[in-house]
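1. structure here, sequence nowhere to be found:
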């Protein structure tokens, strides 16, 4: 399924875990590193599925993947930082689906490579990491990308 136009992002937001301890339930606009430089946050999204994709859900198991890559950094290329996924229930019974991801990025990677922002990609595919064409399936089925800065007080 290459860049399916039948899947639309209705909502995308995140909250740093250090902001959750105070009971604040607002979403953040920048990633806030912990003292060791690591990033821990919850990302939530909501998707709307058209009729074509609703039919595909009935016949196969599909997964949503969140891939996190370095973006602005002292590197010649990007580095893979995290990937989180989950199945999309077949019996959702509606045209919408909400997903939440707990994301952790090691502070050593951020500091050593002077990473200043992260690239987030959302993909939906029926492939898993056990399939030979998994990497190309994730790349081809990406339907959303955004860059979020890492806060710095320097």
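-> In hand now; what should we look at? Note that the structure is predicted; figures quoted are calculated from it, not measured.

2. which intervals of the protein have sub-threshold pLDDT?
-> For the chain, residues meeting the criterion pLDDT under 70 lie at 1-5, 20-25, 91-94, 153-154.

3. can you give me the helices in it?
-> Per DSSP state H, the chain carries helices over the ranges 17-20, 51-59, 107-112, 134-140.

4. and those as TSV, adding mean neighbour count and distance to residue 101?
-> Just so you know, the C-beta spots here come from the backbone N, C-alpha and C atoms, and that holds for glycine as well. Output for the helices of the chain, formatted as TSV (neighbours: other C-beta atoms under 10 Å; distance: least, C-beta to C-beta, whole Å):
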stretch	mean neighbour count	distance to residue 101
helix 17-20	15	12
helix 51-59	13	20
helix 107-112	16	18
helix 134-140	15	15
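
5. out of those, which is closest to residue 41?
-> Closest of the helices of the chain to residue 41 is helix 17-20, at 5.9 Å (criterion: C-beta to C-beta).

6. give me the contact list for that closest one.
-> Helix 17-20 has contacts (C-beta atoms under 8 Å, 6 or more residues apart in numbering) with 26, 28, 32, 34, 40, 41, 42.

7. need these in CSV (columns: neighbour count).
-> Shown next, in CSV, are the contacts of helix 17-20 (neighbours: other C-beta atoms under 10 Å):
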residue, neighbour count
26, 8
28, 16
32, 16
34, 12
40, 17
41, 21
42, 16
